[in-house]
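Q: let me see the structure of the following:
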Amino acid sequence: MPVAGRRKVSLHEFLLRDPDCEQLAEGAMHAVSPLLDDPDPSPCLGLLEHWADRLAGRMPLPWDTLEALEAVNDYLFRHMGLRGDRESYEDPRNAVLPLVISRRRGLPISLSIIWIDVARRLGLDAVGIGLPGHFLAGLHSHEGLLCIDPFHGGRAVGEEEAADLVSRATSDRITFKPEMLKPTTHRAIITRLVRNLHLRFVKTEAWEEALWTSTHLQLLDPYDSLPYKERGMVHLRRGEAIKALNDFRAALDRSKGSDPELAKWMEKLERE
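A: Numbers count the residues shown, from 1 in each chain. Model prediction:
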């Protein structure tokens, strides 16, 4: 339960303070805060700091990047028991860092965020890699970008493995290209985390939850028309015609081209 007297920090406030989402794990928690009983990220961040402190004593001396990577993997996936949740992949709890840590199971993207956060606390140059359909973590080294898959125990991923992941995750709808292994921004990582949740809520017709996820997507990418169109559709499902029309108008303002579906809905709502 929330602690009495503690003021909830909104995603909007976090983005004003940290627009680039350098504090990735904190941002990921603010982004899904409606799913948390206690929205305060401090306990979870403190635990990640504790893990990094414990792990620091396991770092190789003299320094070796590959051995350091293996030490992080060994601690998180074997010692702490984090793993990909194959049994209940669609469970929204898999996107919520404190719940991922307590259950020791998560999505590729949530496990990657934990991996990146702990690695960065150790001074490693860790990044996120947004493959279509499957998220990875990466580590910059003198040998180039090393890609690892936290969902599968931190295994190394090269171009061949990445192509296989994309093929299986998208049912061959998308063809792998090497540039897909380029790192993505922290803000884009959090946006993708929320979008994953949004798609799940729409699929299950959980409209109250889909309302806040679409609102958070607007905050994360305010110049993109899609979150406004999506929230407008959620409002329609909730019987909120005026709010839907306002969102559709905002979507049209941000649209770079025509949208027949959007125009159709706006015309219908304006007649009513």
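Q: quick check, pLDDT for Pro2.
A: You'll see Pro2 listed with a pLDDT of 40.
Q: same thing with Lys8?
A: On pLDDT, Lys8 comes in at 72.
Q: biggest helix in the protein, by residue count?
A: Longest helix in the chain by number of residues (criterion: DSSP state H): helix 186-203.
Q: and the contacts of the helix or strand just after that helix?
A: Next along the chain after helix 186-203, taking DSSP states H and E as the criterion, comes helix 207-220. Helix 207-220 is contacted from outside by 11-12, 15, 31, 34, 92, 187, 190-191, 194-195, 197-198, 201-202, 224, 226-228, 230-231, 234-235, 237-238, using C-beta atoms under 8 Å, 6 or more residues apart in numbering. For the C-beta atoms, the positions are set from N, CA and C on the backbone; glycine is no exception.
Q: average pLDDT for whichever helix or strand comes after helix 207-220, rounded please.
A: For helix 207-220, the following helix or strand on the C-terminal side (DSSP H and E) is helix 225-237. Taken as a whole, helix 225-237 has a mean pLDDT of 96.
Q: hang on, Cys58 is in a helix, isn't it?
A: Just so we're on the same page, residue 58 is Arg rather than Cys. No. Counting by DSSP: H, G, I helix; E, B strand; the rest coil, Arg58 falls outside a helix, being coil.
Q: gap between Leu245 and Asp20?
A: To Asp20, Leu245 is 34 Å away according to C-beta to C-beta, to the nearest Å.
Q: settle it for me: which of those two has more neighbours?
A: Leu245 (19 against 11; other C-beta atoms under 10 Å).
Q: gap between that one and Val234?
A: Counting by C-beta to C-beta, the gap from Leu245 to Val234 is 13 Å.
Q: need the overlap of contacts for these two.
A: In contact with both Leu245 and Val234: no residue, using C-beta under 8 Å, 6+ apart.
Q: how about low-confidence regions in the protein?
A: For the chain, applying pLDDT under 70 flags the ranges 1-7.
Q: make it 90
A: 1-9, 39, 63, 142-143, 255-265, 267-268, 270-272 (pLDDT under 90).
Q: and it, what are its domains?
A: 11-181, 223-271 (automatic domain parsing).
Q: once you drop chain neighbours, what's closest to the residue most central in space within the chain?
A: By C-alpha atoms, centre = their mean, the chain has its centre lying nearest to Leu193, at 2.4 Å. In this structure, Leu193 finds its nearest non-sequential neighbour in Ile109, 5.4 Å apart by C-beta to C-beta, 6 or more residues apart in numbering.
Q: same deal with Tyr89?
A: Closest to Tyr89 by C-beta to C-beta, 6+ apart is Leu107, at 7.3 Å.
Q: now Leu269
A: Residue nearest to Leu269 in three dimensions, not counting chain neighbours: Leu245, with 4.4 Å by C-beta to C-beta, 6+ apart.
Q: where's the helix or strand harbouring the one you found relative to the chain centroid, distance-wise?
A: Take DSSP H and E as the rule and Leu245 turns out to sit in helix 241-254. With C-alpha atoms, centre = their mean, to the nearest Å as the basis, helix 241-254 stands 26 Å off its chain's centre.
Q: go through it and flag the buried ones.
A: For helix 241-254, a neighbour-count test (16 or more other C-beta atoms under 10 Å) marks Lys243, Ala244, Leu245, Asn246, Asp247, Phe248, Arg249, Ala250, Ala251, Leu252, Arg254 as buried.
Q: what residues does the very next helix or strand once past it touch?
A: Following helix 241-254 in sequence order, the next helix or strand is helix 260-271 (DSSP H and E). The contact list for helix 260-271 (C-beta under 8 Å, 6+ apart) reads Lys229, Gly232, Leu236, Ala241, Ala244, Leu245, Phe248, Arg249, Ala251, Leu252, Ser255.
Q: so who does the last one touch?
A: Taking C-beta under 8 Å, 6+ apart as the contact definition, Ser255 lies against Ser225, Leu262.
Q: for the fifth one, same thing?
A: Contacts for Ala244 (C-beta under 8 Å, 6+ apart) come out as Gly232, Met233, His235, Leu236, Trp265, Leu269.
Q: which of the helices or strands spans Asp37?
A: Secondary structure from DSSP H and E places Asp37 outside every helix and strand.
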